[in-house]
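> Would you be able to build a 3D model of this:
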Amino acid sequence: MFLGTHTPRLDDKGRMFLPAKFREKLAGGVVITRGQEHCLYVYPMAEFERVAATMQTSPTTNRAVRDYQRVFLSGASDEVPDKQGRVTIPANLRAYAGLSHECTVIGAGSRVEIWDTESWNTYLEETEPAYADQSEEVVPGLI
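Numbering: from 1, shown residues only. Sure, this is the predicted structure:
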């Protein structure tokens, strides 16, 4: 499980050091793809394969399913971290997420998310009040 918030920097070649506590789980290879809210999702290869297989069971007769699959899968890039724990983020994905030098990497359970730091701070500022005031069950069985 991936947890926590980290602030690595993106270098001029589009590489980023993965947080040390995530490296072992991601060493065998990752898939980076478009996430929602203009962040990037980073999955260990096996988890991405599970997600993609689940996605393939959805009815492609539904336009929303086709649209989601196209956007999610067409942006996917498989990468292998180098010996120093760096991963290269393709230019099209850096542009999608608006990544600059300052990035925020968060653990989101079964995946890692990469955000432009300014975008993350704005998202958190806008979302935290609703989180703090939540009085109904959002995740079934949690509250």
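> Geometric centre of this protein: which residue is closest?
residue 41 (1.7 Å; CA atoms, centre = their mean).
> Let me know whether residue 30 touches residue 79 as I believe.
Yes. Between residue 30 and residue 79 there is a contact under CB atoms under 8 Å: 5.5 Å. Using the backbone N, CA and C atoms, a C-beta is placed for each residue, glycine as well.
> Return every residue with contacts to both of those two.
Common neighbours of residue 30 and residue 79, using CB atoms under 8 Å, 6 or more residues apart in numbering, are residue 87.
> Between the two, which has more neighbouring residues?
Neighbours were counted for residue 30 and for residue 79 using other CB atoms under 10 Å; residue 30 has more, 25 against 18.
> Where do the strands of the protein begin and end?
With DSSP state E as the criterion, the chain has strands at 5-6, 15-17, 30-34, 40-44, 77-79, 86-88, 103-108, 111-116.
> okay, those in TSV with distance to residue 53 and mean pLDDT next?
As requested, the strands of the chain are arranged in TSV below (distance: least, CB to CB, whole Å; pLDDT from 0 to 100):
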stretch	distance to residue 53	mean pLDDT
strand 5-6	29	98
strand 15-17	28	97
strand 30-34	13	98
strand 40-44	12	98
strand 77-79	15	97
strand 86-88	23	97
strand 103-108	20	98
strand 111-116	15	98
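> what's near enough to touch the residue nearest to residue 121 when sequence neighbours are not counted?
Nearest residue to residue 121, sequence neighbours excluded (CB to CB, 6 or more residues apart in numbering): residue 104, at 7.8 Å. By CB under 8 Å, 6+ apart, the contact set of residue 104 is 5-7, 114-117, 120-121.
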